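Undergrad: Generate coordinates for the sequence data below:
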Amino acid sequence: MSILIFLAALLASTTLTRMVRDFSVAQGWVSIPVSERQVHTRPTPRLGGVAIFLTLWAMTLLAHWLPGHFGIRAFPFSYLTLKIMGPASVIFLVGLIDDFCGLSAYIKFAAQAVAAAFLFVNGVGISQLSLFSGHPHVGRLVGLLLTILWVLWITNAFNLIDGLDGLAAGSALFSTLVSCVVALIYGNEVVLFLTVALAGAITGFLRYNFNPASIFLGDCGSLLIGFLMSAIAIAGLHKSPTIVAVVIPVISLGLPILDVGVAVIRRFLTCKRIFCPDREHIHHKLLGRGISHKQAVLVLYGVSACFGILSLLLLNPGGVATATVLMMVGIGVLFGVLQLRYHEFLELGRVANRTLNQRHVIANGVNIRRAADVLNSCNNFPQFCQILQGCLEPIGFDGFGLYLNSEMPDNVELHPFHCVDKSKLQFFWNESLTTSETNWSMTFGLMKRNGNQLGGFTLYRRNLASPLWLDLEVLTTTGFSAAIAAIVEEMQDSSFEKTPRRQVQKPGYRFAGRVGASGARGSIAVPSSG
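TA: Modelled structure (predicted):
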């Protein structure tokens, strides 16, 4: 009889969708593409949810009047209307008002929360919480909150992926078929009826919604389908094993759940409002890779089908099978998200990599601080250059430069610097290297003791392949830049004593090494302890 229900819903949905489309066009109720987020190019009606809603109610009334013809004994009409279709009607009306007038995200979320609470009060909610078996009131409250959270997530997930012709409806069809199989196996008549009727309604609607679409779901349709999918998943909790009731719906709804999860994380990482729309959803990223509208939808159909097949593998749950499926889902999701190359996740990966190597950052920061201490007792150019080389080379720098506001006095020995002129001094570890061969530089200012500008200190890098394990703030906040400025100021005052070219280390100092980005170990002179 499930085939009869499906065919009846298919026929009703096909007929009603065509009628709603033609009537909307005649009344001028069409969506005109004005936003860059919209991918359609011609005015298109967006009230397809009306046809799906009317189809489901038509099937409900037929099931009530002719239960024997649908293979349902004494079909509990009040159960369906009040416990599932009643709250679903609230969601449909909210979406319909939004399609015509526009509602704020907060109003829609509040209405969805009320509908979810209505669902919970009528017994279709997450209530089997053994963790709070000794505290029924606490368990009921937690169950209510989880029900609302689940309904909000799934309802809005389908609303978010409704960005390409046929995408939301097609993805819902795959998830509905999975729920249909589960309900058939575990004998859940109400869920079976709803899923079969919904599958027929969606299939009939897709006849006009697949690319190029002549009618869209609209918010009334995407919110309705999302709410029904969340309610159907909850309704299946009562007659199925825990892993089937919990894990299978989550995996079968993998695409919309993944899309909304990625969107929330992205917007959180970039300090944007969670409800702020953008063109960074999964389907937008696929379009950005150069594939066509229809190809993007077919790719995502394939993804939805894979999620559905993997979820059905859990119908015979076992430790190894469950772990294998979850591992496959996790690897697939990770690979897919990486292929989409979201800037937010690439940056998150960079930060994670830096966190794992924080030990090197700390070691290099300590080296900078020690170099600042040693520079305070430095009194000649060779030693000055040697200290900075020993400190900066292991980190990944190739040299540094001094760019002063006034020239150095003639009586100051400038070796081993390369002098562009007496106000521009450069020192590279590789003497054949020049500034034109470096790929990265950073300059920070040097201040005199009286607060006047002395000049600038520039760091150079040539190899950008290796990461720079250094918090750059340590160069200006630890006394390092102040120590350099103090020495340069003394040089300009001609108080820096002339020294032989070979004098590079004072007695009483030892060398300490730190591992830099390339793994090389450098040396700087630090005061000996004894």
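Undergrad: sec struct for the residue sitting furthest away from the middle of the chain, please.
TA: Of all residues in the chain, residue 411 has its C-alpha farthest from the mean position, at 60.8 Å, by C-alpha atoms, centre = their mean. Following DSSP: H, G, I helix; E, B strand; the rest coil, the label given to residue 411 is coil.
Undergrad: For it, what are phi and psi?
TA: For residue 411, the backbone dihedrals (degrees, to the nearest 10) come out as phi -80, psi 10.
Undergrad: how close does residue 191 sit to residue 47?
TA: For residue 191, the distance to residue 47 equals 27 Å [C-beta to C-beta, to the nearest Å]. Using the backbone N, CA and C atoms, a C-beta is placed for each residue, glycine as well.
Undergrad: sorry, that was for residue 230
TA: 22 Å.
Undergrad: Residue 106 too?
TA: For residue 106 relative to residue 47 (C-beta to C-beta), the value is 24 Å.
Undergrad: so where's the stretch 1-150 of the chain uncertain?
TA: By pLDDT under 70, the weakly predicted segments of the stretch 1-150 of the chain are 34-41, 66-82, 128-136.
Undergrad: For it, which segments count as helices?
TA: Under the criterion DSSP state H, counting those that start in this stretch, helices of the stretch 1-150 of the chain are mapped to 2-27, 48-65, 77-80, 86-100, 105-121, 136-160.
Undergrad: and the ones you listed as TSV, adding mean neighbour count?
TA: Shown next, in TSV, are those (neighbours: other C-beta atoms under 10 Å):
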stretch	mean neighbour count
helix 2-27	18
helix 48-65	22
helix 77-80	15
helix 86-100	21
helix 105-121	18
helix 136-160	19
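Undergrad: Save the ones you listed as a markdown table, and put in distance to residue 327 too.
TA: Listed next are the helices of the stretch 1-150 of the chain as a markdown table, based on distance: least, C-beta to C-beta, whole Å:
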| stretch | distance to residue 327 |
| --- | --- |
| helix 2-27 | 33 |
| helix 48-65 | 36 |
| helix 77-80 | 38 |
| helix 86-100 | 35 |
| helix 105-121 | 32 |
| helix 136-160 | 23 |
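Undergrad: how about those helices, which one is nearest residue 271?
TA: Nearest to residue 271 among the helices of the stretch 1-150 of the chain is helix 105-121; the distance by C-beta to C-beta comes to 17.7 Å.
Undergrad: for that closest one, packing partners?
TA: Helix 105-121 sits against helix 86-100, helix 136-160, helix 218-235, with contacts defined as 3 or more C-beta pairs under 8 Å, 6 or more residues apart in numbering; DSSP states H and E.
Undergrad: What's the local residue count around residue 281?
TA: Residues near residue 281, counting by other C-beta atoms under 10 Å, number 23.
Undergrad: what about it, distance to residue 483?
TA: 51 Å.
Undergrad: Residue 491 now?
TA: Using C-beta to C-beta, residue 491 is found at 13 Å from residue 483.
Undergrad: again with residue 8
TA: In terms of C-beta to C-beta, residue 8 sits 85 Å off from residue 483.
Undergrad: And for residue 6?
TA: Remark: distance between residue 6 and residue 483 (C-beta to C-beta) = 80 Å.
Undergrad: likewise residue 388?
TA: 10 Å.
Undergrad: which residues do those two both contact?
TA: Residues touching both residue 388 and residue 483 by C-beta atoms under 8 Å, 6 or more residues apart in numbering: residue 371.
Undergrad: When those two are compared, which one has more neighbours?
TA: Under the neighbour definition other C-beta under 10 Å, residue 388 and residue 483 were set side by side, and residue 388 has more, 24 against 20.
Undergrad: how many neighbours does the nearest residue to the more buried one once chain neighbours are set aside have?
TA: Leaving aside its chain neighbours, residue 388 sits nearest to residue 400 (6.1 Å; criterion: C-beta to C-beta, 6 or more residues apart in numbering). For residue 400, the neighbour count with other C-beta under 10 Å is 23.
Undergrad: Tell me, please, where in the stretch 301-450 of the chain the pLDDT is lower than the cut-off.
TA: In the predicted model of the stretch 301-450 of the chain, residues 317-319 satisfy pLDDT under 70.
Undergrad: can you give me the strands in it?
TA: For the stretch 301-450 of the chain, the strands defined by DSSP state E, counting those that start in this stretch cover 399-404, 418-421, 424-428, 440-447.
Undergrad: list the helices and strands the shortest one packs on?
TA: Read that as strand 418-421. strand 424-428.
Undergrad: mind listing what's buried in the strand it packs on?
TA: Buried residues in strand 424-428, counted by 16 or more other C-beta atoms under 10 Å: 424, 425, 426, 427, 428.
Undergrad: From these, pick the one nearest residue 17.
TA: residue 428 (72.5 Å).
Undergrad: and the closest residue in space to that closest one that isn't next to it in sequence, bridged to which residues?
TA: Nearest non-adjacent residue to residue 428, counting by C-beta to C-beta, 6+ apart: residue 399, 3.4 Å away. Beta-bridge pairing for residue 399 (DSSP bridges): residue 428, residue 460.
Undergrad: what residues are up against residue 399?
TA: Counting by C-beta under 8 Å, 6+ apart, residue 399 touches 426, 427, 428, 429, 430, 433, 438, 459, 460.
Undergrad: ok, the fourth one touching residue 395?
TA: No - Residue 429 is not in contact with residue 395 according to C-beta atoms under 8 Å; the separation is 11.8 Å.
Undergrad: Compare the two (neighbour count), which wins?
TA: The neighbour count for residue 429 versus residue 395, taken as other C-beta under 10 Å, is higher for residue 395 (25 against 15).
Undergrad: And the more buried one, how close does it get to residue 419?
TA: In this view, residue 395 and residue 419 are 25 Å apart by C-beta to C-beta.
Undergrad: Tell me how many other residues crowd residue 467.
TA: As a burial measure, residue 467 scores 14 neighbours (other C-beta under 10 Å).
Undergrad: element containing it?
TA: Assigned by DSSP states H and E, residue 467 falls within no helix or strand.
Undergrad: May I have the phi/psi pair for it?
TA: Main-chain dihedrals, residue 467, degrees, to the nearest 10: phi -70, psi 160.
Undergrad: And the contacts of stretch 324-331?
TA: By C-beta under 8 Å, 6+ apart, stretch 324-331 touches 247, 251, 254, 307, 310, 311, 313, 314.
Undergrad: Tell me the buried residues in that stretch?
TA: Applying a neighbour-count criterion of 16+ other C-beta under 10 Å, one finds 325, 329 buried in stretch 324-331.
Undergrad: Output it as PDB - backbone C-alpha positions only.
TA: In PDB, the C-alpha atoms belonging to stretch 324-331 read as follows (Å, rounded to 0.1, in the frame of the first residue of the first chain):
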ATOM      1  CA  THR A 324      33.600   1.900  10.200                       C
ATOM      2  CA  VAL A 325      30.700   4.000   9.100                       C
ATOM      3  CA  LEU A 326      31.400   6.900  11.400                       C
ATOM      4  CA  MET A 327      35.100   6.800  10.300                       C
ATOM      5  CA  MET A 328      34.000   6.800   6.600                       C
ATOM      6  CA  VAL A 329      31.700   9.700   7.200                       C
ATOM      7  CA  GLY A 330      34.300  11.700   9.100                       C
ATOM      8  CA  ILE A 331      37.000  11.200   6.400                       C
END
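Undergrad: chain center to it, what's the gap?
TA: Put simply, stretch 324-331 sits 19 Å off its chain's centre (C-alpha atoms, centre = their mean, to the nearest Å).
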